[in-house]
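Asker: just the structure for this:
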Amino acid sequence: MINDSIDTQLLSQEQGAIEALARDTHTEVAKVQEIFLIEYRRLAVHAHVRSYLPLLTSNRVRVILGAQNSQSHSDP
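Answerer: Model (predicted):
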């Protein structure tokens, strides 16, 4: 239950960035949220400066979605 609360708080705080990522990458908000949470958790494990996590996570999500979108456009 604590993780759900933390996830909800994080998604709420980063909603603007998540919506921008969704818009820029032509991806559903729910998918961006899912990837954002996964990447945030992955980066948080080794983070020394947590204040940069949202920015680093956003950049990582953009790269992931960009790669997925370019793959889907190149498929016949």
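Asker: tell me which helix or strand the nearest residue to residue 64 once chain neighbours are set aside sits in.
Answerer: Nearest residue to residue 64 in three dimensions, chain neighbours excluded: residue 35, at 5.9 Å (CB to CB, 6 or more residues apart in numbering). Every residue, glycine included, has its C-beta placed from N, CA and C. Residue 35 is part of helix 29-44 when elements are defined by DSSP states H and E.
Asker: let me know whether residue 47 touches residue 55 as I believe.
Answerer: No - with contact defined as CB atoms under 8 Å, residue 47 does not reach residue 55; the gap is 11.5 Å.
Asker: by how many degrees do the longest helix seen in the chain and helix 29-44 diverge?
Answerer: The longest helix of the chain (DSSP state H) is helix 53-74. Counting by axes from the mean of the first three to the mean of the last three CA atoms, to 10 degrees, helix 53-74 lies at 130 degrees to helix 29-44.
Asker: where does the chain dip in pLDDT?
Answerer: 1-2, 73-76 (pLDDT under 70).
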